[in-house]
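*Asks:* pasting the sequence and the predicted coordinates here, then a few questions.
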Amino acid sequence: MAITIPTKTDSPEHIPASAVLTGIDPATGKTIGTVAITPEERIPEIVARSRKAQQKWAALPFAERSKVLTALRTVVVKRAGEIAETVSRGMGKPLVEALADDVGLVLDEFDEYIQHGAEYLADEPVEVPAKFGTGKRALIRHVP
């Protein structure tokens, strides 16, 4: 997707308050749509909200996170055609390629994390060399 944005050399007074990103279909050159650019002053508030959401996500046991991933995977399956169409138009690639490669890859990743995420997040014991003392234990803990 081609993006039209102001450059760093543009002075702020020349950037309209309603600046937008314009998506262009590279295959046809036609505009797909536009999206408003988020004003810079909103970024700290957006980051703060994101951090709060991540903390809530991290507090969930993996079984609950897996349920959320499964529900999201279901939405992607139901909307696979729409998603593939958007990817196809935005990247100029054939629809079947967008469906098989892009949407298919996302579904494969969902399956991987739904099935094996608990294993990936499990504590990993690490051997502690005797020179650091007997009876020492260590582990790698993955904290989302």
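*Replies:* Cool, the structure landed.
*Asks:* so the residue minimising distance to the centre of the chain is in which element?
*Replies:* Nearest to the mean C-alpha position of the chain, counting by Cα atoms, centre = their mean, stands residue 106 at 10.4 Å. Here residue 106 sits within helix 104-121, counting by DSSP states H and E.
*Asks:* cool, and residue 22?
*Replies:* Residue 22 is part of strand 20-24 when elements are defined by DSSP H and E.
*Asks:* what's that strand packed up against?
*Replies:* Secondary-structure packing of strand 20-24 (3 or more Cβ pairs under 8 Å, 6 or more residues apart in numbering; DSSP states H and E): strand 31-36. The C-beta positions use only the backbone N, C-alpha and C, and glycine is treated the same way.
*Asks:* what's the distance between the closest residue to residue 138 other than its chain neighbours and residue 117?
*Replies:* Ranked by Cβ to Cβ, 6 or more residues apart in numbering and with sequence neighbours excluded, the top spatial neighbour of residue 138 is residue 126, at 4.4 Å. Per Cβ to Cβ, to the nearest Å, residue 126 is found 21 Å from residue 117.
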